[in-house]
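Peer 1: can you look at this prediction? I've put the sequence above it.
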Amino acid sequence: MALSQPTTFNEEWNDERINSYLNRQAPAGEDADFNVLYVAYKHMRPSDYERFLTAFTAQGRNLQAINSQGLTIQQLISQHPSSTEFLNVLAKF
């Protein structure tokens with residue numbers, strides 16, 4: 001049996017860790033900007049996501065990028081029941 005890392009909560013994310021999400025590779029056929037927005041959303045808390053979006057937009061990247069189903073990140077996560085904080089963060093940009 002493989003050992004796994006212990007679960008940690010409320011761990012402070014440094015800028016290096018947050019910015020590493022900017023370099024994630026998208027699967028074939030998926031928009032690179034949408035992919036990093038979605039992966040960051042899945043892994044970050046709203047406060048970390050806001051810091052991520054600051055770096056994302058500073059690079060001139062596209063907040064309106066769409067996935068293969070034609071949805072923006074806002075449209076996709078608005079379907080999730082606990083996405084309100086993330087949608088509030090996105091509305092700042």
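Peer 2: Structure's in. What do you need? Note that the coordinates shown come from a computational prediction; the quantities given were computed from them, not determined experimentally. Numbers count the residues shown, from 1 in each chain.
Peer 1: tell me where the model's unsure across this structure.
Peer 2: By pLDDT under 70, the low-scoring segments of the chain are 1-10.
Peer 1: for it, just list every one of the helices.
Peer 2: With DSSP state H applied, the chain shows helices at 15-19, 32-43, 46-58, 73-77, 84-90, listed in chain order.
Peer 1: can you give the contact residues for the third one?
Peer 2: When contacts are taken as CB atoms under 8 Å, 6 or more residues apart in numbering, the neighbours of helix 46-58 outside the stretch itself are 13, 15, 18-19, 21-22, 33, 36-37, 40-41, 44, 63, 85-86, 88-90, 92-93. Where C-beta positions appear, they are placed from N, C-alpha and C, glycine not excepted.
Peer 1: please indicate which of the residues you listed are buried?
Peer 2: For the contacts of helix 46-58, a burial check counting by 16 or more other CB atoms under 10 Å picks out 13, 18, 21-22, 33, 36-37, 40-41, 44, 86, 89-90.
Peer 1: show me the residue at the heart of the protein, geometrically.
Peer 2: The centroid of the chain falls nearest to Ala40 when counting by CA atoms, centre = their mean (2.4 Å).
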